[in-house]
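Asker: Please find the sequence and the predicted model below.
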Amino acid sequence: MNAQTIDYDKLQRQVDAHPYPLVFATISGAHLYGFPSADSDFDLRGVHLLPLERVIGLDGPECRGEDTVERDGVHDGLEMDLVTHDVKKFFGLLLKKNGYVLEQLLSPLVVHTTPEHDELKAIAKSCITRFHGHHYLGFAATQWKLFRKEDPPKVKPLLYVYRVLLTGIHLMRTGEVEANLLTLNETAQLPYIDELVQRKLSGPEKGRLDEADVEFHEREYRRLLAASEAAMQQSTLPEQATGKAALNDLLVRLRQRGVAGAAT
């Protein structure tokens, strides 16, 4: 496969240039999902800690645009997209059944970590609910619309469709977040996944599908959509997150003393 390797040293330099201390920074996007092309950009996601004096007072960080930091561009020859949220905003997203932030927090592709990152990952388990299934169903529907929007349709959004559906099914059945499509397919055993990944990595000339392929994948989409809905209904995951108190305690401690013991 013509996949892009990860140069952690170059990514670390971008993390080091962040204006605020980081609780963690991980890689998301195609690299996390298991099908990065040679020209795929690096999606860096994480959590930063604003100092206490920046979050108290009449004008909070959202007024100054500091609760989310976004930077993109080409650095050290790598195209990067860096997005981090302040701890309070990120913790709020964790409690809103947001699958994106779970995947970012639990990504195995770690550029920067701290002891608080480990603590947060442990707390996140108590924030996973049955209703996270709605996130993945909604994301799959959005990606399917993108897939059908173009003529002929591209392989890339179709891979995203399968990735989110399988992630959602796996989460509902096991309570575990797994975002890598190839790893998910070790259990799902969908015979067409490897070929779709190969086509995506081969470049634009092989990255589109004909009408017969589209008809087949629409049937598979509908089948997995039904499987996702059934998995959510049958899931033994709780309906409500129980991690709010622990998140609040961690937030207070972080504000009081900052991120301690940072390590890469």
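Answerer: Thanks, I have the structure now. Residues are numbered from 1 along each chain as shown.

Asker: Output the longest helix belonging to this protein.
Answerer: helix 211-234 (DSSP state H).

Asker: Tell me which residues are up against that helix.
Answerer: 130-131, 133-134, 136-137, 140, 144, 148, 152-153, 158, 161-162, 165-166, 168-169, 172-173, 190, 192, 209 (CB atoms under 8 Å, 6 or more residues apart in numbering). (C-beta placed from N, C-alpha, C; glycine too.)

Asker: For Leu105, grab the count of nearby residues.
Answerer: 23 (other CB atoms under 10 Å).

Asker: thinking again about what came up before, go through the helix or strand that the longest helix of the chain is followed by and flag the buried ones.
Answerer: Beyond helix 211-234 on the C-terminal side, the first helix or strand identified by DSSP states H and E is helix 244-257. By neighbour count on 16 or more other CB atoms under 10 Å, the buried set for helix 244-257 is Lys244, Ala246, Leu247, Leu250, Leu251, Leu254, Arg255.

Asker: what helices or strands is helix 244-257 leaning on?
Answerer: helix 52-55, helix 87-94, helix 115-124 (3 or more CB pairs under 8 Å, 6 or more residues apart in numbering; DSSP states H and E).

Asker: hang on, the earlier thing: can you list the buried residues in the longest helix of the chain?
Answerer: In helix 211-234, counting by 16+ other CB under 10 Å, buried: Asp213, Val214, His217, Tyr221, Leu224, Leu225, Ala227, Ser228, Glu229, Ala231, Met232.

Asker: Would you verify that Leu82 is located in a strand?
Answerer: Yes. The assignment for Leu82 (DSSP: H, G, I helix; E, B strand; the rest coil) places it in a strand.

Asker: Isn't it up against Arg71?
Answerer: Yes. The pair Leu82 and Arg71 qualifies as a contact (CB atoms under 8 Å) at a distance of 4.5 Å.

Asker: okay, and for this protein, where does confidence drop off?
Answerer: 1-4, 60-65, 205-206, 259-264 (pLDDT under 70).
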